[in-house]
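Novice: sequence-free structure coming up:
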């Protein structure tokens, strides 16, 4: 966040400097008030560019095996351009390499799910999915495994067909 602030400040200084050079090259025919306007415009452009490129920059650095399964796009009144093109501020990724199965419970999958946010810390959650019943549960302290490999104390949530998290976890055999 601090580095992005520095980038915006330096971009503003560069925009102001460029406008000062243009004013000088035109023999002073352009008004001097264009210098702070150019600085502000460049700073806004760099901020917008940084917001829109966050998702692609972040997903480009994901380790192998992490698959993005869902994105959250938002629009905001204080960013009116987001009504035309919403910004991806959050996404969910599943670690396909961490998915585990049990021969006694072939429809049950266990894996790690990561929650990324633009200005948020990374969160990880262990999740169980029941591929046959199309449901999932967070593996928290109250959950334990029975002798047959089933889950005891899990708070199962039924989801619609085509849930991206269940599809990603259940396609692994």
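Specialist: All right, it came through fine. What you see is a predicted model, and the numbers here were worked out from it, not measured in a lab.

Novice: so where's the longest helix in the protein?
Specialist: helix 34-60 (DSSP state H).

Novice: Residue 85 and residue 44, how far apart?
Specialist: To residue 44, residue 85 is 15 Å away according to Cβ to Cβ, to the nearest Å. (Glycine included, C-beta is placed from N, CA and C.)

Novice: Repeat that for residue 79.
Specialist: Distance from residue 79 to residue 44, by Cβ to Cβ: 10 Å.

Novice: Kindly report the same for residue 167.
Specialist: Counting by Cβ to Cβ, the gap from residue 167 to residue 44 is 39 Å.

Novice: Not counting sequence-adjacent ones, nearest residue to residue 83?
Specialist: Nearest residue to residue 83 in three dimensions, chain neighbours excluded: residue 75, at 4.9 Å (Cβ to Cβ, 6 or more residues apart in numbering).

Novice: dump the residue contacts of the one you found.
Specialist: Going by Cβ atoms under 8 Å, 6 or more residues apart in numbering, residue 75 touches 82-83, 86-87.

Novice: can you rerun that using 10 Å?
Specialist: When contacts are counted by Cβ atoms under 10 Å, 6 or more residues apart in numbering, residue 75 touches 81-87.

Novice: Now which of these would you call buried?
Specialist: 82, 86-87 (16 or more other Cβ atoms under 10 Å).

Novice: Cool, thanks, signing off.
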